[in-house]
Each structure stands twice: as structure tokens, then as C-alpha cells.
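Visitor: Quick one: sequence and predicted model below, then my questions.
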Amino acid sequence: MNKRAYNFNAGPAALPLKVLERAQAEFVDFRGTGMSIMEMSHRGAVYESVHNEAQERLLRLLGNPKGYKVLFLQGGASTQFAMIPMNFLKQGTVGSYVMTGSWADKALKEAKLFGETSIAASSKEDQYMRIPDLDHLELPDRTAYLHITSNETIEGVQFQKYPETGQVPLIADMSSDIFCRVTDVNKFGMIYAGAQKNLGPSGVTVVIAKEDKLAEQVENIPTMFRYSTFLKNNSLYNTPPSFSVYMVNEVLRWIEEEGGLTAMEQMNREKAALLYDGIDQSGGFYRGCAEPRDRSLMNITFRLASEELEKLFVKESEKEGFIGLKGHRSVGGLRASTYNAVPYESCKALADFMDVFQKQHG
Ligand code: PMP
């Protein structure tokens, strides 16, 4: 096999090699059926067992929280930005948002199309380089839900603790940090994530939520936009993205084999420390973007003294086999996405490359 790239893509992103190899081994003939999983009916027992297994694994990794259900949806996390207010933002209520970066911005924008919104806290005045104070949230009495973005993929900031919301359901976009650390899902009414960072390939969006929230009846929205449709039909109302669901199940199997979320968190902390320490000990050659307290374990954002030097860094890094280190086009700079499947060795190689680059250009 050819050498695997040092893949720091932001998403779609690196997948565990073991998962890719397992998928390859059963690609043409899925477990003796004489066909690929992509070729079989989603109504058959074989696909359904994979579908159910993936749901069971998602809940098991979270400690089997009581009263929670898993849905598999399409349209990416971006569709959830709209589905949440469509389903939960009833007339006379307010959708409240914590503004932490580009993705929170997008989520709020969609909610505004459907009803009244409010901003519970914001770090916009600091260019979203920190998580705002969560101890003094402004929540109107009529708040239907509080929405947070647990990890801002573009800015590289991550919630270190979650806000206390009392009776108000907390909803989190965990697209870029789901399962990167031990998480108490009981704090949340709902969490959701596009799969293409920590869970698998693109094409499926995972929703984990309290069953009573998902069961809420909303009459005036299309069938495919109601959570209750997917709940009632075990996410098989229409054709699901079957290959993506299968891959998610395999990634979850890998997480379990590796030791679950505790092991993921430990490895992610070691990986991130390697890179942040390198940045902090570079004497200002590399400058971390996010406030150290709120730095993301998943998206390490940093800058160099000039855009020219940053361009050179990307160019030189590509020559050495590093992929995806250019920052998001909206903010510039550099970004290393170190999702669960990015091996420690890739991060070590990057830390070493950064050292060499500094010696050459510092
Ligand atoms: N939320 C966050 C935090 C993200 O990082 C992304 C994608 N990068 C999205 C939402 C949008 O996801 P999708 O492309 O699946 O719609």
C-alpha cells in the first residue's frame, strides 16, 4: 500500500485505516450476501441490523442514557440549523443562541427565518477567539431552547464546560467534536453532528435527542423536515444513506475497540498538547489564534508573522506530505484538524516539521 498522507483536513477528514481496510474487505461481498451493502434494500434484515447496531453503539458510547433516541438524517448539519427552529420554535417562544463563531452565526441566521431569536452570550467583539461567559446567560422566559456550537471548526474554540440551562433544553451542534471526549449527554435535549469529521464519511447527520422532544407534533411543516417522522419510522421513512450509516457503525466499532471516549479524550489531549506546546514555545514565531483557556482539541488554529510566510508554510508542508493545513478561507491563517482518527504519529510529524520550518525561516 502507498504511504498514507498526514491528513489534517477539516472535513471530510481522516478515517481510521482499520475501518477503511475492513470496509475494503467486505466492499464487494457484504458478509456472504453476494452483494455490496450499497446494493441491498434498506428494508432488508441485513441492512437493518447494521442501522440498528450503529444506533445502539452511539448510545452505548454515551453510557446508554435513559430516554434518548438516535436519528439518521440527511442534508448535513446545515439542514439542522433550519430543522431545529422549524420543529421547536413555536409562536410566542424564543430560540436563544450562544454566539461563538462562524457556525453559530449560520445557525442563528436560519432560525431568524422562522421566528423570534435572541443572543444569550457572544464573543463576536473578540473575533470569536474565546467562548463567552456562560455564567450570566440572558435567557428570556419564553426560551424554547438554547443552541450552542460545542466546537467552532473555523476559529478553533471549544466549550470546556456546558451552560446550565435548567428547564430550557440545551441543543448542541457537535459536528466537529462529537465523541472527542467524555460527554454527559443528559445535559442536552439534543445533540447533532454531520458525520464527516469524527464519525465517518459525509452523507449522514446523526441526531441524539430526548425521545419526547423528537416526538413533538408539528403540523405545518413538510413530512421530511419533522423529527417525528424519523422517530416513528426508525429513520427508515425514506431511503437512508446506507453506505454512510454502515461506515459510521464501523467507526464506532473502532472507537469501542480503542477504549471508548475515555481513550479518545486521552489521545486527543496528547495530540493537541504536542502542537499547542510547540506553538507556545516558539517564541512568537507561531501564534495560537484562540485564547488558551478555550482552545479546541480538534481544530488547532495558528498564524505566522505574514500571509506570505503562511503561504510558504502550506507549500513546504505539502511537499512533506501534509494535507489540509491552510486555514478556512474566511479567516486565513493555518489550521490543523486533529480529529479522533488522526494518528499521534501525524501530529508528531507536524510538530517536527514546524520546528524545522522555524529554524529555516525564523
Ligand atoms: N457545524 C459545524 C461546527 C461544522 O464544522 C460544519 C461543517 N464544517 C457544519 C456545521 C456544516 O455541516 P454540513 O456541511 O454537514 O452541513
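Guide: Arrived safely, thanks for sending.
Visitor: residues in contact with Gly200?
Guide: Contact analysis of Gly200 by C-beta atoms under 8 Å, 6 or more residues apart in numbering lists Leu15, Ser244, Met247, Val248, Glu250, Val251. The C-beta positions use only the backbone N, C-alpha and C, and glycine is treated the same way.
Visitor: Make JSON lines out of the residues you listed and add pLDDT and neighbour count.
Guide: Listed next are the contacts of Gly200 as JSON lines, based on pLDDT from 0 to 100; neighbours: other C-beta atoms under 10 Å:
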{"residue": "Leu15", "pLDDT": "98", "neighbour count": "22"}
{"residue": "Ser244", "pLDDT": "98", "neighbour count": "21"}
{"residue": "Met247", "pLDDT": "98", "neighbour count": "26"}
{"residue": "Val248", "pLDDT": "98", "neighbour count": "26"}
{"residue": "Glu250", "pLDDT": "98", "neighbour count": "22"}
{"residue": "Val251", "pLDDT": "98", "neighbour count": "24"}
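Visitor: Output the residues you listed as JSON lines; include the columns distance to the ligand and secondary structure.
Guide: Below are these laid out as JSON lines (distance: C-beta to the nearest ligand atom, whole Å; DSSP: H, G, I helix; E, B strand; the rest coil):
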{"residue": "Leu15", "distance to the ligand": "16", "secondary structure": "coil"}
{"residue": "Ser244", "distance to the ligand": "11", "secondary structure": "helix"}
{"residue": "Met247", "distance to the ligand": "15", "secondary structure": "helix"}
{"residue": "Val248", "distance to the ligand": "13", "secondary structure": "helix"}
{"residue": "Glu250", "distance to the ligand": "19", "secondary structure": "helix"}
{"residue": "Val251", "distance to the ligand": "16", "secondary structure": "helix"}
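Visitor: Next, give me the two most distant ones among the residues you listed.
Guide: Spatial extent of these (C-beta to C-beta) is set by the pair Leu15 and Ser244 at 11.7 Å.
Visitor: Quick check: the gap between the closest residue to Leu108 other than its chain neighbours and the ligand.
Guide: In space, and not counting its chain neighbours, Leu108 is closest to Tyr97: 4.6 Å by C-beta to C-beta, 6 or more residues apart in numbering. Applying C-beta to the nearest ligand atom, to the nearest Å, the value for Tyr97 to the ligand is 13 Å.
Visitor: Tell me the secondary structure of Arg335, please.
Guide: Put simply, Arg335 is strand when judged by DSSP: H, G, I helix; E, B strand; the rest coil.
Visitor: can you count the residues close to it?
Guide: 25 (other C-beta atoms under 10 Å).
Visitor: Let me know the distance separating it from the ligand.
Guide: 12 Å.
Visitor: what about Leu134, distance to Leu214?
Guide: 26 Å (C-beta to C-beta, to the nearest Å).
Visitor: Quick check on the two: which one has the bigger neighbour count.
Guide: Leu214 (23 against 17).
Visitor: Alongside the ligand, which residues does the chain contribute?
Guide: Gly11, Gly76, Ala77, Ser78, Trp103, Thr149, Thr153, Asp173, Ser175, Ser176, Gly194 (C-beta under 6 Å from any ligand atom).
Visitor: Excluding chain neighbours, what is closest to the second one?
Guide: Spelled out, it's Gly76. Per C-beta to C-beta, 6+ apart, closest to Gly76 is Gly194, 4.8 Å.
Visitor: And Lys161, what's its pLDDT?
Guide: At Lys161, the predicted lDDT confidence score is 96.
Visitor: So what's the residue count around it?
Guide: 8.
Visitor: Surely it and Ile131 touch.
Guide: No. Taking contacts as C-beta atoms under 8 Å, Lys161 lies outside contact range of Ile131: 9.2 Å.
Visitor: Quickly list what's touching both of Leu15 and Ser244.
Guide: Between them, Leu15 and Ser244 share the contacting residues Gly200, Pro201, judged by C-beta under 8 Å, 6+ apart.
Visitor: ok, now which ones touch the spatially closest residue to Met190 that is not a sequence neighbour?
Guide: Nearest residue to Met190, sequence neighbours excluded (C-beta to C-beta, 6+ apart): Ala209, at 3.6 Å. Residues near Ala209 by C-beta under 8 Å, 6+ apart: Tyr68, Lys69, Leu71, Phe188, Gly189, Met190, Ile191, Tyr192, Tyr227.
Visitor: which SS class is the residue nearest to Leu108?
Guide: On the basis of three-state DSSP, Tyr97 is classed as strand.
Visitor: residue contacts, it?
Guide: Per C-beta under 8 Å, 6+ apart, neighbours of Tyr97: Ala104, Ala107, Leu108, Ala111, Thr117, Ser118, Ile119, Ala120, Leu146, His147, Ile148.
Visitor: Domain parsing of the chain, as residue ranges.
Guide: 17-257, 260-361 (automatic domain parsing).
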